[in-house]
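Undergrad: sequence unknown, structure follows:
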């Protein structure tokens, strides 16, 4: 079988690179048939130049052009559902049903169409008008965006179809997708639909490009290149920080989703009231997708008490009676094993699991660990090691005061959950823990596990470093995730006919939200002397 | 005279440092009497710890508390106007009238009161509510903010009274001010008013702190400290990039305003129509404040033509007949001389000026340089060297095409201006230059020089690197500058009584703008089943 093509400057063509790789079927541990190229720097540079040429053409285009592309692309995916889902299943071992076909694919299509609607409607630009001074501003596209997709969502966060991709396109930017090398065929099938849509909707060559792999060094050159506007990255902390360093030095925005252990505080009253139910919720959340979620609850904080012990026993029973799922790759398995070892070396004890399962498929025992609050506080850095997969660490705190100390010492996380009872006995504890926890997490939950990230404007899939690179931004939620890939553009004394339509006196559609002279409105700028 | 005190943890006290410095009067070149301490690391660390303690107290406080502080502080400044203006004049040689007393001081008070109003009103938090999913989010304070003020605005951008300071406070953060060491007395007098206001309004100790100088190494430790939320910096590119590197590595947001040459394109028709008037406007803008503005027009692009030559001659006449102003410091004078040398070495020719004036005060001849478009394009990196002060470089382009090339090669700038005629002969040129220029600048102007940065929500005082560190944000404009010092905070399934007031169903004041279920409104969340 010949080596698969890369998508550069509007066409599928053979890579100029001579090195190749194959993905592995996680269910068998065997290499898959398709051979994929590793792109050398000159190929990456061609992609950058093509994207820059494309951007010179599209940078003033109206949102409707990008909306049409996204809508056509969504249709193209729908026509290829069987092939895409089959490839994703083969490359990730994630279940076809319900996960891929009934959850992730519809989510992918839904956020793509939401992004199309956002591009057409334009409120993501956040137009602001000072009519008296004739100063007007809004967000505009930032330039070619590089997207690095993660291993754990082959569709909804794929570099060529996921949240970062659709946000970058909605903002009017060409995208250079760096596919995750654990699912290249899924990515290629998606990119074929994307390229077909780009042709149908007459996007210039280079609007969507795809490479599968490149060296770390070339990845750094890519994200820091003069002609690149910004980068979106979801993946491991180690690789992400190398890219961050390169992008930061070049002054290029890079949005990263790096790691998170998503602490869950379960207070005594909640355990007294409904520990079986919470054990069910926790087990479902932690073992879902074999724990391979960025919002997986990897840290549970309870009181050192009979109820706390009973809760752990209830969770342990569930963990032991659930069959371990398949992990995404040998690398995930090794990393999980090494993280668990690291936690044990730092003073955590194994409650159950903790070992690689000797099967052809990649898997690891469902794993629980425990540690005292004292020990956690003494060695908080290491004991916050993310164990990506079906594992979680219970911390037994001596008191609510110690829970507060634990909350204060936490690194930045995407989420933090607090379970309390319904009769109010936990309220005092809640009121003491939450002010600390609030500042450590992007999303605070009550009586709810963190997995399940709704695509809504009110979502925050973000949080303080090292969960992400900047706590101002969310990676999920439309239109809120879109302006990450935008620059603020102000027009000072610019003649009316030269203003972009969104900033002219008349609301271009009557549906565009604008902040005019201190008021959010769908209306027009009022002629002088006709104030309210 | 004894060494002046630092303001740490709520009180003025002797520094523990043994090294000191004195500011210099730029009008005489002589050291001023007051002696100021250089703070050692342990003192900086004390300030960080005090700010962190303070933040633990204020992080859940309502905006009205911060508003009261800012309002009281503004009153305190008004009571000290004479002393503050006199000190600022002595330390910067900026004219008392109109600059300090009639322009910069009123601006400082106005933006402080605007920030107070923003804090009280709360719309800067941008509350977003999805009532169906019960997911709600808004911005909340990010934690202790470090502010480094520049040399050129001793009041309006002062680390303890300027735009970054009031934005950080409006967002609910304690501030550690690092005063600019060229105007320590001005800064101390302002900080005295700030501390008095903090006491009157019962802010916890450590809400406002001031150090005057510390080593570069300790500055880096400060901006990257675990307990610091974010940093605002305005100043030289060199020092800013060192701090940026340290903050970036620690994942700490840092907002920088570094340098900008603010290109002005003057098209042929405009010169034919009104070159004398444009020469007046340009001269006023470039020599105002002796050119020491971040938005100083340091690069002028005209056609190689008789009109272009005539325009330069008109400007030259004005430059030669204006007496050179006083520069802020010996350092500014050296830097200006060295930048002009660098431009000349890169192929620019001196048209007038170009030399240090041998006077006691710090001054430099009003300076114009010229270069061809070809030469500029060949050596664009060096020819974009910022010559901070009363100097500007004219580029003579062969054609409009070459002007477009020049626009495409520009580094990121705060502003870009285009002058065209009123009869439309320049419109084609405008339409070709602006798409390129738009992506290089934060603020695009028509027929207007870039100096004068109005404090309005529609302003963008920002732009692509290296003008700033991130093109998403503006440093001027209220409430738009405020969320830089905030983190996005989402509440998922949080019980109603536990939500912050801004996110509860009822609009807390009826004046708070919120985005509820896709609509901006001053109203309440509608009970279920009562949609529109």
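TA: Thanks, I have the structure now. None of these values were measured; they are calculated from a predicted model.
Undergrad: Just the buried residues of stretch A:7-25, please?
TA: Buried residues in stretch A:7-25, counted by 16 or more other Cβ atoms under 10 Å in any protein chain shown: A:7, A:8, A:9, A:10, A:15, A:17, A:23, A:24, A:25. (C-beta placed from N, C-alpha, C; glycine too.)
Undergrad: residue contacts, the nearest residue to the fourth one once chain neighbours are set aside?
TA: In this case it means residue A:10. Once flanking residues are discounted, residue A:10 sits nearest to residue A:205: 2.7 Å by Cβ to Cβ, 6 or more residues apart in numbering or on different chains. For residue A:205, the contact set (Cβ atoms under 8 Å, 6 or more residues apart in numbering or on different chains) comprises A:9, A:10, A:11, A:50, A:53, A:54.
Undergrad: Check the gap between residue A:205 and residue A:54 for me.
TA: Per Cβ to Cβ, to the nearest Å, residue A:205 is found 7 Å from residue A:54.
Undergrad: Residue A:444 too?
TA: Applying Cβ to Cβ, the value for residue A:444 to residue A:54 is 41 Å.
Undergrad: Surely residue A:507 touches residue A:523?
TA: Yes: with contact defined as Cβ atoms under 8 Å, residue A:507 reaches residue A:523; the gap is 6.2 Å.
Undergrad: give me phi/psi at residue A:328?
TA: When read as degrees, to the nearest 10, the backbone of residue A:328 gives phi -70, psi -30.
Undergrad: before we move on, the earlier item: now do the SS call for the residue nearest to residue A:10.
TA: What DSSP: H, G, I helix; E, B strand; the rest coil gives for residue A:205 is coil.
Undergrad: Surely residue A:435 forms part of a helix?
TA: Yes: counting by three-state DSSP, residue A:435 is found in a helix.
Undergrad: residue contacts, it?
TA: B:56, B:59, B:60.
Undergrad: next one: residue A:91
TA: A:23, A:25, A:26, A:32, A:154, A:182, A:183, A:184, A:185, A:186.
Undergrad: Nearest to residue A:411 among those residues?
TA: For these, the residue nearest residue A:411 by Cβ to Cβ is residue A:182; the value is 26.3 Å.
Undergrad: And the closest residue to the closest one other than its chain neighbours, its phi and psi?
TA: Leaving aside its chain neighbours, residue A:182 sits nearest to residue A:151 (4.7 Å; criterion: Cβ to Cβ, 6+ apart). With angles defined as degrees, to the nearest 10, residue A:151 sits at phi -80, psi -20.
Undergrad: Count the neighbours of residue A:151 for me.
TA: For residue A:151, the neighbour count with other Cβ atoms under 10 Å in any protein chain shown is 23.
Undergrad: and residue A:261, how far is that from residue A:333?
TA: 19 Å.
Undergrad: To clarify, my last question referred to residue A:376.
TA: 26 Å.
Undergrad: likewise residue A:310?
TA: Residue A:310 is 31 Å from residue A:333, where distance means Cβ to Cβ.
Undergrad: Name all residues that make contact with the residue of the stretch 301-450 of chain A found nearest chain B.
TA: Taking Cβ to the nearest Cβ, chain B has its nearest neighbour within the stretch 301-450 of chain A at residue A:443, 4.0 Å off. By Cβ under 8 Å, 6+ apart, the contact list for residue A:443 reads A:414, A:415, A:416, A:450, A:459, A:460, A:461, A:463, B:137, B:490, B:491, B:492.
Undergrad: Highest neighbour count among the residues you listed?
TA: residue A:460 leads the contacts of residue A:443 on contacts (other Cβ under 10 Å) with 32 neighbours.
Undergrad: which residue sits closest to that one, ignoring its sequence neighbours?
TA: Nearest non-adjacent residue to residue A:460 (Cβ to Cβ, 6+ apart): residue B:490, at 3.4 Å.
Undergrad: does residue A:102 count as helix, strand or coil?
TA: Under three-state DSSP, residue A:102 comes out as helix.
Undergrad: What is the burial count for it?
TA: 13.
Undergrad: next SSE after whichever strand or helix holds the residue nearest to residue A:460?
TA: Under the criterion of DSSP states H and E, residue B:490 resides in strand B:486-492. Counting by DSSP H and E, the next helix or strand C-terminal to strand B:486-492 is strand B:514-516.
Undergrad: Provide the strand pairings for that following strand, with the direction of each partner.
TA: Using DSSP bridges, the strands paired with strand B:514-516 are strand B:128-130 (parallel), strand B:519-521 (antiparallel).
Undergrad: of all of the stretch 401-532 of chain A, which residue lies closest to chain B?
TA: Closest to chain B within the stretch 401-532 of chain A is residue A:465: 2.7 Å, counting by Cβ to the nearest Cβ.
Undergrad: ok, and the closest non-adjacent residue to residue A:371?
TA: residue A:348 (4.3 Å).
Undergrad: List the contacts of that neighbour.
TA: Contacts for residue A:348 (Cβ under 8 Å, 6+ apart) come out as A:369, A:370, A:371, A:375, A:383, A:393.
Undergrad: Then residue A:305?
TA: When contacts are counted by Cβ under 8 Å, 6+ apart, residue A:305 touches residue A:268.
Undergrad: Over to it: give its phi and psi.
TA: Main-chain dihedrals, residue A:305, degrees, to the nearest 10: phi -160, psi 170.
Undergrad: In chain A, where is pLDDT below threshold?
TA: A:1, A:528-532 (pLDDT under 70).
Undergrad: report the longest helix in it, please.
TA: For chain A, the helix with the greatest residue count under DSSP state H is helix A:268-287.
Undergrad: Contacts for it next, please.
TA: The contact list for helix A:268-287 (Cβ under 8 Å, 6+ apart) reads A:264, A:266, A:296-298, A:300, A:302-303, A:305, A:307-308, A:310-311, A:314-315, A:318-319, A:322, A:325, A:366, A:390, A:392, A:419-423, A:425-426, A:429, A:447-451.
Undergrad: Give me the neighbour count for residue A:527.
TA: Using other Cβ under 10 Å, residue A:527 has 9 neighbouring residues.
Undergrad: residues in contact with it?
TA: Neighbour list for residue A:527: residue A:505 [criterion: Cβ under 8 Å, 6+ apart].
Undergrad: Tell me, how many residues neighbour residue A:4?
TA: Other residues near residue A:4 number 17, with proximity taken as other Cβ under 10 Å.
Undergrad: Please read the previous query as pertaining to residue A:411.
TA: 20.
Undergrad: Report the contact partners of residue A:343.
TA: Residues counted as contacts of residue A:343 (Cβ under 8 Å, 6+ apart) are A:369, A:371, A:382, A:383, A:385, A:387, A:393.
Undergrad: let's see it at 7 Å
TA: A:369, A:383, A:385, A:387, A:393 (Cβ atoms under 7 Å, 6 or more residues apart in numbering or on different chains).
Undergrad: hmm, back to that, right, and the residue nearest to residue A:460 touches residue A:459 too?
TA: Yes: with contact defined as Cβ atoms under 7 Å, residue B:490 reaches residue A:459; the gap is 6.3 Å.
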